[in-house]
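# Mind looking at a prediction? Sequence and model below.
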Amino acid sequence: MLQKLKSMSLKKVLPGIIIMFLISAGLLVYFGPDFITWVKGPVTFEDLTIDEIENQYVTMTFELTWGTYATQVTTTTQNGRKVSERDSMQYHAVLVGGLDRYLYSTEDLYWEFIGLAVPAKYFDTTKIIDKNSDEFFETYDLRALDKTMQITGQIVPMNDEMLRYYRQFFKEADYTDEEFAAYCAPYYIKVDSLSRGAVEIVLLMNAVAAILFVIALYMLIKALTGGYQKKLVKALKALGEMELERADSDYETASEPTSGIRIGRNYLFDCTTAKTMVYPFRQIAWAYTHQVNHQKYGRTISTTYSIMLFTEDKKQHTLSMPGQAICNQVIDELNRKCPAGIFGYSDQLKQMFNKNYDEFTRLRRQKEADMNQAQGFADNTYSADPNQNSNPYNV
């Protein structure tokens, strides 16, 4: 029995396990490299040359902008109409290696540029830096650059649209195509971001991948080792030393009115989920059919059926059923095999169960006594007697 139940549990959880493993693998493949980059930490942007910047994760001091070559606008619409719009990202042209490289170099260096994408939350600071930069280019007085911002982000390639704005910006500054190709790197720094997204998103997605992997691995190990039957075994052993063997025999000979529900001579087995439940008949107090109509726009679109089962400790259990007929079949079979159980629903029974459980228990015992008496009468009536015909209806 236990081996069969383990196999059933594995079949039920395996699709979910596979899905979680696939999602975890996909997230790790997509966001994993960025996570490794984040773990390694940023390098100093000012130490890099234009030939070394590609895909680098950098930290830099932003104090001078050559200008804004593009602005990203976010538009909010409602019912197809524009409600509002706001600037959500600014794209600045900044010097590769920082200003000091060009001011204090012993060589006559050409100014080399790269893009810088700054989110809206920094606009107050960039407004000051932009104003200071205009003043610096008029006076070349370093004291004008009295506002700085320390930023971190990954350097990524520009897409075609951004590159077009970038090229147009320098073309308006009288750069030739040759000068643009030589001194304007087609990359930009994504502030607070890695190549696949914001740092927070990258970390979150890697955390989700790790959690899904651990959950899937736990479920797989639990199914393979019989963990989903652990409570079943514990509950049966608590009833007696031989109870597990009795349940094993009962399971093999049990009827199966619907997939996952098995009814033996002494036990009801619920195998509809990965976690196997067993209910000794002598512990079943009450059971009835429960029907839920799912409606949409006032019309019933579907109906689900289940059996609400209550044990002697007043705990409620739900057995999912495929339809009304199966519910009736299960209830009828339980009613025959469980003399101390009450089957069927009424408001009076519900009130008695909730507010006067002693009376409900007395009702159960009375039903059990009546059924035992009726069974005893039937046994005496139909018992074989060597002195008379075994069929009492034969004359």
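That came through fine.
# so where do the strands sit in the stretch 101-250 of the chain?
Secondary structure of the stretch 101-250 of the chain by DSSP state E, counting those that start in this stretch: the strands cover 113-119, 149-157, 184-191, 193-194, 197-198.
# Identify the single longest helix in the chain, thanks.
helix 2-40 (DSSP state H).
# Would you mind saying which of the strands of the stretch 101-250 of the chain lies nearest Tyr102?
Closest approach to Tyr102 among the strands of the stretch 101-250 of the chain is made by strand 113-119 (11.3 Å; C-beta to C-beta). Where you see a C-beta, it was placed from the backbone N, CA and C, and this is true even at glycine.
# re earlier: any chance of the strands of the stretch 101-250 of the chain in CSV with mean neighbour count as columns?
Shown next, in CSV, are the strands of the stretch 101-250 of the chain (neighbours: other C-beta atoms under 10 Å):
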stretch, mean neighbour count
strand 113-119, 23
strand 149-157, 18
strand 184-191, 23
strand 193-194, 22
strand 197-198, 15
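# possible to save these as JSON lines with distance to Lys234 and mean pLDDT?
Listed next are the strands of the stretch 101-250 of the chain as JSON lines, based on distance: least, C-beta to C-beta, whole Å; pLDDT from 0 to 100:
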{"stretch": "strand 113-119", "distance to Lys234": "55", "mean pLDDT": "95"}
{"stretch": "strand 149-157", "distance to Lys234": "53", "mean pLDDT": "95"}
{"stretch": "strand 184-191", "distance to Lys234": "54", "mean pLDDT": "96"}
{"stretch": "strand 193-194", "distance to Lys234": "48", "mean pLDDT": "94"}
{"stretch": "strand 197-198", "distance to Lys234": "46", "mean pLDDT": "92"}
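# Can you redo the ones you listed as CSV, where the extra columns are distance to Glu52?
Output for the strands of the stretch 101-250 of the chain, formatted as CSV (distance: least, C-beta to C-beta, whole Å):
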stretch, distance to Glu52
strand 113-119, 11
strand 149-157, 10
strand 184-191, 10
strand 193-194, 18
strand 197-198, 24
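# pLDDT-wise, which helix or strand of the protein ranks last?
helix 357-382 (a mean of 76; mean pLDDT, DSSP states H and E).
# Where does pLDDT dip in the stretch 251-395 of the chain?
374-395 (pLDDT under 70).
# where along it do the strands fall?
For the stretch 251-395 of the chain, applying DSSP E, counting those that start in this stretch gives strands covering 255-258, 261-263, 267-270, 277-280, 284-296, 299-311, 316-321, 342-343.
# Run through who's touching the third one.
Residues external to strand 267-270 that are found in contact with it (C-beta atoms under 8 Å, 6 or more residues apart in numbering): 247, 250-251, 254, 260-263, 276-281, 284, 309, 317, 319, 334.
# Which among those residues count as buried?
247, 250-251, 254, 260-263, 276-281, 284, 309, 317, 319, 334 (16 or more other C-beta atoms under 10 Å).
# residue contacts, the residue lying closest to Tyr305 once chain neighbours are set aside?
Ranked by C-beta to C-beta, 6 or more residues apart in numbering and with sequence neighbours excluded, the top spatial neighbour of Tyr305 is Met321, at 4.4 Å. Residues counted as contacts of Met321 (C-beta under 8 Å, 6+ apart) are 258, 261, 289, 305-307, 327, 330.
# Give me the distance between Met321 and Ser84.
If you measure Met321 against Ser84 using C-beta to C-beta, to the nearest Å, the figure is 52 Å.
# How about Gly97?
With C-beta to C-beta as the criterion, Gly97 and Ser84 are 39 Å apart.
# More neighbours: these two, which one.
Taking other C-beta atoms under 10 Å, Gly97 and Ser84 do not tie; Gly97 has more neighbours (23 against 9).
# and that one, what does it touch?
45-49, 112.
# returning to that earlier point: run the chain-centre distance for the following helix or strand past the longest helix of the chain.
Next helix or strand after helix 2-40 toward the C-terminus (DSSP states H and E): strand 43-44. Here the centre of strand 43-44 is set off from its chain's centre by 36 Å, with C-alpha atoms, centre = their mean, to the nearest Å.
# quick one: contacts for Gln283?
Contacts for Gln283 (C-beta under 8 Å, 6+ apart) come out as 311-312.
# ok, how many other residues are close to Val58?
If we define neighbours as other C-beta under 10 Å, then Val58 has 19 of them.
# And for Arg365?
When neighbours are defined as other C-beta under 10 Å, Arg365 has 11 of them.
# what's the distance between it and Thr304?
34 Å.
# Any stretches of the stretch 1-150 of the chain with poor pLDDT?
Checking the stretch 1-150 of the chain against pLDDT under 70 turns up nothing.
# can you do 90?
For the stretch 1-150 of the chain, the stretches flagged by pLDDT under 90 are 1-10, 74-86, 98, 100-110, 139-141.
# now the helices: where do they sit in the stretch 101-250 of the chain?
123-139, 160-172, 177-183, 199-224, 230-239, 243-253 (DSSP state H, counting those that start in this stretch).
# on contacts alone, who are the packing partners of the fourth one?
Contacts of helix 199-224 with other secondary structure elements, assessed using 3 or more C-beta pairs under 8 Å, 6 or more residues apart in numbering; DSSP states H and E, are made with helix 2-40.
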